[in-house]
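Asks: Predicted structure and sequence below. I'll ask about it afterward.
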Amino acid sequence: GLRLAFHLFDPAHYGPAGNPDTFDAITNLAAEFGFIIAAVIGAAAATTDLNDGVFRYLVITGRSRLALYLARIPAGLAIVIPAIAVAFTMLCLVTAYEGVPQPTTVSMGTGVSVPAQLDQAQLTTWVTAHPHQAAQAFPGNPVPGSGPGRPATAQNAANEYSTYTAAENAQFNPAANEMFKIGLWLELEVAIGFLVGLGLGALTGQRTLSTILLIGLEIIVTPVLARVRIPYFLNGQRLDVGVAMDQLRPAALAPASGGGPGPGGVLFGGRGALGIPSMPTWAMISVIVGWIVVWSVLGAWRMMTRDA
């Protein structure tokens, strides 16, 4: 809102409100703090009855304790899912209708511009037709004897295309289908935060403790596990749901830490923000589903066995 107002009243000094950098920054903040807020709401939903001393009165109504736990899931998701959906929709509208014009070329940061919207085969054709420019645009792939910059292998061509798409994503507003993918990823992020917070809160019975643990997980533990390879503990790092969600990150969303494409997964076209080798897609899905199921089961079990 402020960016729109500044641009409206002083367009000479304030650019359009929507641009790729702003979109990426706000979306990454929404993912980070959306998880934390959803986890706080989940922990509160699990512990408010206990802290207020009314849990026993709910039990003596005769309603199943499992039903009492399960009823909190749709109630909580009905709060966090629409909230993040409205916020992200507003961001998409500002980016789409009040953003900078889409460029027709992609700047590779070396003084060379490449035509935009190329697929891998078209980029390979361009590299072959412009070897000297390609050598500057993709300095890591010179091929002596076959013309500078020309890919000698399919791997080189894939690396060049990955560099090209990373630069394109950083300079272009996401397309509508990419915004939709990012929106789904955001919704999954906050849903996981709520369900984990609900399960942990029910397990511990302590709202403050659960909140502190999940904030520490999101802002301290996950960034370390996602970016620093710990010797002999790689598979342990991959068990963190934040690592799996970073790998699932849609291709059009730049990592919060910046930089080029990572070794991310394939769902949503993800490139990830990982600094560690990516896990297989089935393992990534298993970690995400596992966190949802395990914490939900633990929370339901504790509510069913807790003394009223």
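Replies: Right, received. Where do you want to start?

Asks: Return the set of buried residues in the helix or strand encompassing residue 134.
Replies: Remark: residue 134 resides in helix 131-137, with elements defined by DSSP states H and E. Judged by neighbour count (16 or more other CB atoms under 10 Å), helix 131-137 contains these buried residues: 133, 134, 135, 137. (Glycine included, C-beta is placed from N, CA and C.)

Asks: thinking residue 244 is in contact with residue 278, fair?
Replies: No: counting by CB atoms under 8 Å, residue 244 sits too far from residue 278 to count as a contact (9.8 Å).

Asks: ok, these two, which is more surrounded?
Replies: The residue with the greater number of neighbours, taking residue 244 and residue 278 and applying other CB atoms under 10 Å, is residue 244; the counts read 26 against 21.

Asks: Would you check how far apart residue 291 and residue 225 are?
Replies: 14 Å (CB to CB, to the nearest Å).

Asks: So which of those two has more stuff around it?
Replies: residue 225 (24 against 20).

Asks: and the more buried one, how far is that from residue 241?
Replies: When CB to CB is the yardstick, residue 225 and residue 241 sit 10 Å from each other.

Asks: any residues in contact with both of residue 244 and residue 278?
Replies: Each of residue 284 lies in contact with both residue 244 and residue 278 under the rule CB atoms under 8 Å, 6 or more residues apart in numbering.

Asks: could you say which helix or strand contains residue 290?
Replies: Residue 290 belongs to helix 281-305, assigned by DSSP H and E.

Asks: Pull out the buried positions in that helix.
Replies: Using 16+ other CB under 10 Å as the test for burial, helix 281-305 gives 283-284, 287-288, 291-292, 295-296, 299-303.

Asks: One more: stretch 245-255?
Replies: 245, 246, 247, 248, 249, 250, 251, 252, 253, 254, 255.

Asks: And the strands in the stretch 1-150 of the chain?
Replies: In order along the chain, the stretch 1-150 of the chain carries the following strands (DSSP state E, counting those that start in this stretch): 105-107, 113-115.

Asks: how about low-confidence regions in the protein?
Replies: Residues of the chain that meet the criterion pLDDT under 70 lie in 1-18, 99-100, 140-155, 254-273, 308.
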